[in-house]
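Peer 1: this one's sequence-less:
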């Protein structure tokens, strides 16, 4: 694999990671609001001190962002650099 493709794939993995953090924040805000509306106090997770989502969901979102970024990068690389399909 050449260096250009490696940087491209890593960049899309970082994009996937950033999008997973945004998704995590949205889910956590919804979860906290739901708990507060029900009259219970949210408890912090054991994985991260200031996070209220279960540890398994946190890890899943992190890995899903990285995996989705990898496959998105592979797909975009094929479309743009192999098949040369781009808007002009």
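Peer 2: Great, that's in hand. Everything quoted here is computed from the prediction, not taken from an experiment.
Peer 1: residues of the helix or strand where residue 29 lies that come out buried?
Peer 2: Assigned by DSSP states H and E, residue 29 belongs to helix 3-37. For helix 3-37, burial by neighbour count (16 or more other C-beta atoms under 10 Å) applies to 8, 9, 12, 13, 16, 17, 19, 20, 24, 28. Every residue, glycine included, has its C-beta placed from N, CA and C.
Peer 1: try stretch 65-75
Peer 2: Going by neighbour count (16+ other C-beta under 10 Å), the buried part of stretch 65-75 is 65, 68, 69, 72, 73.
Peer 1: other residues contacting stretch 32-43?
Peer 2: Where contact means C-beta atoms under 8 Å, 6 or more residues apart in numbering, the residues beyond stretch 32-43 that reach it are 31, 52.
Peer 1: shaky segments in this structure?
Peer 2: Scanning the chain for pLDDT under 70 picks out the ranges 1, 45-49, 88.
Peer 1: centroid residue for it?
Peer 2: For the chain, residue 20 is the residue whose C-alpha lies nearest the centre (C-alpha atoms, centre = their mean; 2.1 Å).
Peer 1: secondary structure element holding the residue nearest to that one when sequence neighbours are not counted?
Peer 2: Nearest residue to residue 20 in three dimensions, chain neighbours excluded: residue 65, at 2.7 Å (C-beta to C-beta, 6 or more residues apart in numbering). According to DSSP H and E, residue 65 maps onto helix 55-77.
Peer 1: now swap in residue 86 and tell me
Peer 2: Using DSSP H and E, no helix or strand contains residue 86.
Peer 1: next, give phi and psi for it.
Peer 2: The phi and psi values for residue 86, taken as degrees, to the nearest 10, are phi -150, psi 160.
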